[in-house]
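Kindly generate the corresponding structure for this input.
(2 chains)
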Amino acid sequence: MTAVTYGLIAAWAILVGYVLTLVNREKQLKREITDIRAMLESGQASSAALPAPRD
Amino acid sequence: MRDRLLYIAGGLAIVLIAYNLAQTAAQPREALFYIPLAGTAALAAFTALAASLLFLGSRNFQFDSLAVAVTEAGLAFSAASIVNGCFLLHAATGRWWNWDSRLTAALVCWLLYATYLMLRHAVQDPTERAAFSAVWSIFAFLDIPMVAATIKWWRSVSSLRTDWSGARLWNLVAMILVGILLTVVRMRQEEARRELDSLRRITHAI
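Next comes the predicted model:
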């Protein structure tokens, strides 16, 4: 293999590394959004279950 | 519709990359990938400049998302071109780095755009963050003509011809397609991050 080929592999390795970072970040974002939505929904459900204040 | 277009662009990019890799294996030439990588990075920098100017003019956060997405993708292409350049330099001179004018100018450019991303992490307020980032992106773009000028001013190490024909042109097309894909994916993430921030604000308000 020549230096040109090694250079090519190194360049593509960087781009693939960036793609993997994007995939990882996407998973993390989705997880966080799902968690916060679930938290908000459970919070609303619990506040709806509370008895109405008396006059 | 947008997803379908993305898949088509991705498929085209894969076909072009496979074709180019086969061509490179058959006939290795040094500038076949270095110049398209750098060209894509320069195009990304130009797009970031346009998006930053549009954001400052309209205060539309879609342009801020585009600017950060294209800057990050361009930074990856720029890093790939610098590393590729180091390998070419090693093949020509036996040294990994010798402060060659093009490599140095490209490194300075990379550092300027890396600072852009660091700046975004440093500012908390979304509007201030977007405005500061846009101004920094415009400032960073000033280095791009210098990088281009170094190619003309100092012809060092290997004289890379810039004729856009055959495999090199197709490489540029493939890289741009990959760049568009990465930018769109990153833009979606930025929008998701904005949604996450608003959800967090709601949580704090409750």
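
where does chain A come near chain B, residue by residue?
A:2-8, A:10-12, A:14-15, A:18-19, A:22, A:25-26, A:29-30, A:32-33, A:36-37, A:39-40, A:43 (Cβ under 8 Å from any Cβ of the partner chain). All C-beta spots, glycine's among them, are computed from the backbone N, C-alpha and C.

Just those: which are in strands?
Using DSSP state E, no member of the residues of chain A next to chain B falls within strands.

residue ranges with poor pLDDT in chain B?
Along chain B, the parts satisfying pLDDT under 70 run over B:1-2, B:23-31, B:154-165.

try 80 this time
Low-confidence segments of chain B (pLDDT under 80): B:1-33, B:100-102, B:147-148, B:150-168, B:204-206.

What residue in it comes nearest to chain A?
residue B:87 (2.9 Å; Cβ to the nearest Cβ).

what's the next secondary structure element after the helix or strand where that residue lies?
Here residue B:87, judged by DSSP states H and E, is contained in helix B:61-93. Using DSSP H and E, the helix or strand that directly follows helix B:61-93 along the chain is helix B:101-122.

Get me the contact residues on chain B for chain A.
Taking Cβ under 8 Å from any Cβ as the contact definition, chain B meets chain A at B:21, B:24-25, B:28-30, B:32-34, B:37, B:72-73, B:76-77, B:79-81, B:83-88, B:90-91, B:178, B:182, B:185-186, B:189, B:192-193, B:195-196, B:199-200, B:202-203, B:206.

Under the pLDDT cut-off, which ranges of chain A? List them.
Residues of chain A meeting the criterion pLDDT under 80: A:1-5, A:43-55.

how about the helices in it?
Remark: helices assigned in chain A by DSSP state H are A:3-49.

need the longest helix for chain B.
Longest helix of chain B, by residue count under DSSP H: helix B:166-205.

helices or strands up against that helix?
If you count contacts as 3 or more Cβ pairs under 8 Å, 6 or more residues apart in numbering or on different chains; DSSP states H and E, helix B:166-205 packs onto helix A:3-49, helix B:2-26, helix B:31-58, helix B:61-93.

Tell me what angle the longest one forms with helix B:2-26.
Counting by axes from the mean of the first three to the mean of the last three Cα atoms, to 10 degrees, helix A:3-49 lies at 160 degrees to helix B:2-26.
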